[in-house]
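Chemist: Any chance you could fold what I've pasted below:
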Amino acid sequence: MPRRTAAGPRHAAGGRRGLTSRPWWPWAKRGLTLAFFAFVTYLLVTQARTVEWTEVTASVKKLPAASLWAAAALAAASYALYSCFDLLGRHSTGHPLGPRTVMGVNFVSYAFNLNLGSLVGGVAFRYRLYARLGLDNEVITRVLSISMLTNWLGYLLLAGTVFLLWPLAPPPDWKLDGRALQVLGGVLLAAAVAYVALCAFSPQRSWTLRGHRLDLPSGRFALLQLAMSSANWLLMATLVFVLLQQRIDFPTVLGVLLVAAIAGVITHVPAGLGVLEAVFVALLSHELPKHELLGALLAYRALYYLGPLAVATLAYLAMELKARRLAAPARG
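Modeler: Alright, predicted model coming up:
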């Protein structure tokens with residue numbers, strides 16, 4: 001099958017030494033990560049001391065069945081949509097795996113990625129499963145890169161829009177200037193627009209960044225990436241919005257979810273365990289009681305993290321058994 005223009009990276013020789021190549025950079029990165037982790041830990045401990053956990057349990061039990069079913073449907077829709085991200089990589093690389101197989105690998109990887117972290121989940125499972133299905137490392141890397149880029153493009157677009165037009169209102173005792181968040185929103189939105197413009201109008205279709213060659217996709221491809229990713233983030237936010245009984249306006253829920261997502265990435269905590277809750281409680285406890293927030297978030301974790309993980313575990317075992325059966329005749 002012919003190889004199409006790819007949106008993923010390829011290795012290129014040479015390249016200028018950047019900030020991350022400095023000898024002090026690893027220490028600076030660790031220091032910043034530890035500082036942020038310490039801040040989140042402080043929020044967790046501070047908030048946990050003031051929570052009545054019996055009330056949290058009662059809040060979970062009080063969630064209407066209709067809301068739980070709607071949230072489950074939204075979770076299923078989000079996973080189905082995210083499972084299509086690797087189809088973009090299939091289109092770009094022209095590899096021979098069928099759509100159902102690709103979506104299955106993507107689903108399993110996403111569920112493990114959310115619960116175990118990117119390196120253990122999303123990256124490791126994709127490499128193992130795709131390699132067992134016959135793809136080489138270069139193709140897998142390009143598929144993975146396109147999927148990750150797609151995910152964060154939607155984040156840039158939505159975070160930029162929300163922070164710029166509906167900046168989060170911090171608790172009254174927080175002395176923060178909302179204008180800084182609006183500036184950040186403008187920067188994020190500009191980055192998303194710049195990517196689409198670059199893909200659509202740049203006469204140069206290949207770029208080298210930190211020793212990697214990037215082949216630009218078409219403008220239509222970039223718009224499809226933005227649409228798919230944005231829709232997925234919106235489905236996730238709608239899920240939380242439904243579990244919160246629509247008692248907080250949707251742009252605020254979306255903004256807090258986006259802040260929590262990046263906080264989880266920075267701290268490297270698997271499943272963002274505790275980080276998601278700390279961010280929501282810190283930013284929204286002045287609008288809803290803490291036990292109601294935590295009750296909704298526990299239901300969110302069950303529906304969006306643990307339930308899909310159970311299904312993905314069974315799917316992964318089935319894939320491994322199938323791969324072994326296919327490999328047995330070859331060894332014989």
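Chemist: which element is Leu129 on?
Modeler: If you go by DSSP states H and E, Leu129 is part of helix 124-132.
Chemist: Show residues contacting that helix.
Modeler: Helix 124-132 has contacts (C-beta atoms under 8 Å, 6 or more residues apart in numbering) with 86, 97, 105-106, 108-109, 112-113, 137, 139-140, 143-144, 316, 319-320, 323. C-beta: built from backbone N, CA, C; applies to glycine.
Chemist: Next, give phi and psi for the closest residue to Ser206 other than its chain neighbours.
Modeler: Nearest residue to Ser206 in three dimensions, chain neighbours excluded: Asp215, at 5.4 Å (C-beta to C-beta, 6 or more residues apart in numbering). Note on Asp215: backbone dihedrals following degrees, to the nearest 10 are phi -100, psi 120.
Chemist: do you know how far Asp215 is from Leu74?
Modeler: 35 Å (C-beta to C-beta, to the nearest Å).
Chemist: The longest helix along the chain packs against which elements?
Modeler: Across the chain, the longest stretch assigned as helix under DSSP state H is helix 137-165. The contact analysis (3 or more C-beta pairs under 8 Å, 6 or more residues apart in numbering; DSSP states H and E) places helix 137-165 against strand 9-11, helix 85-93, helix 124-132, helix 178-201, helix 219-243, helix 250-267.
Chemist: These: lowest mean pLDDT?
Modeler: Lowest mean pLDDT of these: strand 9-11, a mean of 50.
Chemist: For stretch 64-83, what is the distance to the chain centroid?
Modeler: 17 Å (C-alpha atoms, centre = their mean, to the nearest Å).
Chemist: Alpha carbons only: can I get that stretch in CSV?
Modeler: C-alpha atoms of stretch 64-83 as CSV (Å, rounded to 0.1, in the frame of the first residue of the first chain):
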residue,chain,number,x,y,z
PRO,A,64,-30.4,9.9,39.9
ALA,A,65,-30.3,6.7,37.8
ALA,A,66,-31.1,8.7,34.7
SER,A,67,-28.0,10.8,35.2
LEU,A,68,-25.9,7.7,35.7
TRP,A,69,-27.2,6.2,32.5
ALA,A,70,-26.7,9.4,30.6
ALA,A,71,-23.1,9.7,31.9
ALA,A,72,-22.4,6.0,30.9
ALA,A,73,-23.6,6.7,27.4
LEU,A,74,-21.4,9.8,27.2
ALA,A,75,-18.4,7.8,28.4
ALA,A,76,-19.1,5.1,25.7
ALA,A,77,-19.4,7.8,23.1
SER,A,78,-16.1,9.4,24.2
TYR,A,79,-14.2,6.1,24.1
ALA,A,80,-15.7,5.3,20.7
LEU,A,81,-14.6,8.7,19.3
TYR,A,82,-11.1,8.5,20.9
SER,A,83,-10.7,5.0,19.4
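Chemist: on that earlier part again, just give me the neighbour total for the residue nearest to Ser206.
Modeler: Asp215 has 16 neighbouring residues, counting by other C-beta atoms under 10 Å.
Chemist: how about stretch 58-73: buried residues?
Modeler: Neighbour counts over stretch 58-73 (16 or more other C-beta atoms under 10 Å) mark 59-60, 63, 67-68, 71-72 as buried.
Chemist: Contacts only, for the residue nearest to Leu298 when sequence neighbours are not counted.
Modeler: In space, and not counting its chain neighbours, Leu298 is closest to Val60: 5.5 Å by C-beta to C-beta, 6+ apart. By C-beta under 8 Å, 6+ apart, the residues touching Val60 are 295, 298-299.
Chemist: Pipe these into JSON lines and attach neighbour count per row.
Modeler: Shown next, in JSON lines, are those (neighbours: other C-beta atoms under 10 Å):
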{"residue": "Gly295", "neighbour count": "22"}
{"residue": "Leu298", "neighbour count": "17"}
{"residue": "Ala299", "neighbour count": "22"}
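Chemist: Which of these fall in helices?
Modeler: Using DSSP H, 295, 298-299 are the members of the contacts of Val60 that sit in helices.
Chemist: Going by distance to Ala194, which of the residues you listed wins?
Modeler: Closest approach to Ala194 among these (C-beta to C-beta): Ala299, at 38.0 Å.
Chemist: I'd assumed Leu63 was in contact with the closest one.
Modeler: Yes - using C-beta atoms under 8 Å, Ala299 is in contact with Leu63, at 5.8 Å.
Chemist: tell me, what's touching these two both at once?
Modeler: Contacts common to Ala299 and Leu63, judged by C-beta under 8 Å, 6+ apart, are Leu243.
Chemist: one step back: just the ones in helices from the buried residues of stretch 58-73, please.
Modeler: Going by DSSP H, the helices hold 59-60, 67-68, 71-72 from the buried residues of stretch 58-73.
Chemist: Could you list the low-confidence segments of this protein?
Modeler: Within the chain, the segments meeting pLDDT under 70 span 1-22, 24-26, 28-56, 119-121, 172-178, 210-212, 267-273, 326-332.
Chemist: Surely Thr208 is in a strand?
Modeler: Yes - looking at Thr208 with DSSP: H, G, I helix; E, B strand; the rest coil, it is inside a strand.
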